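Trainee: Curious how this folds, go ahead:
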Amino acid sequence: MLQSSKLIAQGQGLAPVLLKRASTMELDWDLRQKSRFETTDSSGRSVGVFLPRGTVVRGGDVLVLDDGSLVRVIAAPQPVLRITHCSQHGTPYDLIRAAYHLGNRHVPIELKPDHLKIEPDHVLADMLRAMHLIVHSVEEAFEPENGAYATGGHGHGHSHDHSHGDHHSHDHAH
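Mentor: Modelled structure (predicted):
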């Protein structure tokens with residue numbers, strides 16, 4: 001069995017021709033959030049993945065195998081609930097409210113400009129419908145947010161100074 005203990009986030013820095021030639025593995029969210037698992041790539045090779053604890057594998061990431069070959073990860077379609085706002089009875093703001101309530105319940109959630117996605121849960125689906133949102137069961141890739149305090153996995157690979165030059169205190173007594 002081949003092994004991988006190295007992940008290149010989104011194949012960053014790799015030549016497109018290398019990515020095109022790489023074998024693939026289609027993995028659902030449940031497996032991609034584990035740091036150790038065994039699977040088979042598109043070439044039929046058995047692959048053991050041993051990443052640092054807490055690492056989350058995303059669709060588009062590339063695993064480097066111990067023989068030097070590359071395997072591109074594809075986020076597999078899986079059952080999810082796709083949540084949209086009702087244009088007759090609500091506004092897109094309703095999605096923000098829904099994300100807030102789901103976040104309070106620590107539900108893994110994928111945020112998109114026009115919809116949300118969560119793993120199937122009939123209790124949450126009923127809550128969302130009661131908020132006048134439209135909930136559809138679909139089979140799609142699921143890429144939930146890492147969370148503001150997530151360690152492991154990968155961020156953007158760069159940092160920004162978010163001070164914007166405003167060097168004043170916000171401790172105003174009002």
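Trainee: residue ranges of the strands in this protein, please?
Mentor: Along the chain, the stretches classed as strands by DSSP state E are 2-8, 23-27, 36-40, 46-50, 62-65, 70-75, 78-85, 109-111, 116-118, 133-140.
Trainee: buried set for the last one?
Mentor: Think strand 133-140. Neighbour counts over strand 133-140 (16 or more other CB atoms under 10 Å) mark 133-135 as buried. Quick note: C-beta positions are derived from backbone N, CA and C, even for glycine.
Trainee: Including mean pLDDT and distance to Pro16, could the strands of the chain go into TSV?
Mentor: Below are those laid out as TSV (pLDDT from 0 to 100; distance: least, CB to CB, whole Å):
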stretch	mean pLDDT	distance to Pro16
strand 2-8	97	14
strand 23-27	97	15
strand 36-40	96	24
strand 46-50	97	23
strand 62-65	98	12
strand 70-75	98	11
strand 78-85	97	28
strand 109-111	96	26
strand 116-118	98	28
strand 133-140	97	25
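Trainee: want to throw the ones you listed into CSV with distance to Asn146?
Mentor: Shown next, in CSV, are the strands of the chain (distance: least, CB to CB, whole Å):
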stretch, distance to Asn146
strand 2-8, 14
strand 23-27, 17
strand 36-40, 19
strand 46-50, 18
strand 62-65, 18
strand 70-75, 14
strand 78-85, 17
strand 109-111, 11
strand 116-118, 15
strand 133-140, 19
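Trainee: That concludes my questions; thank you for your assistance.
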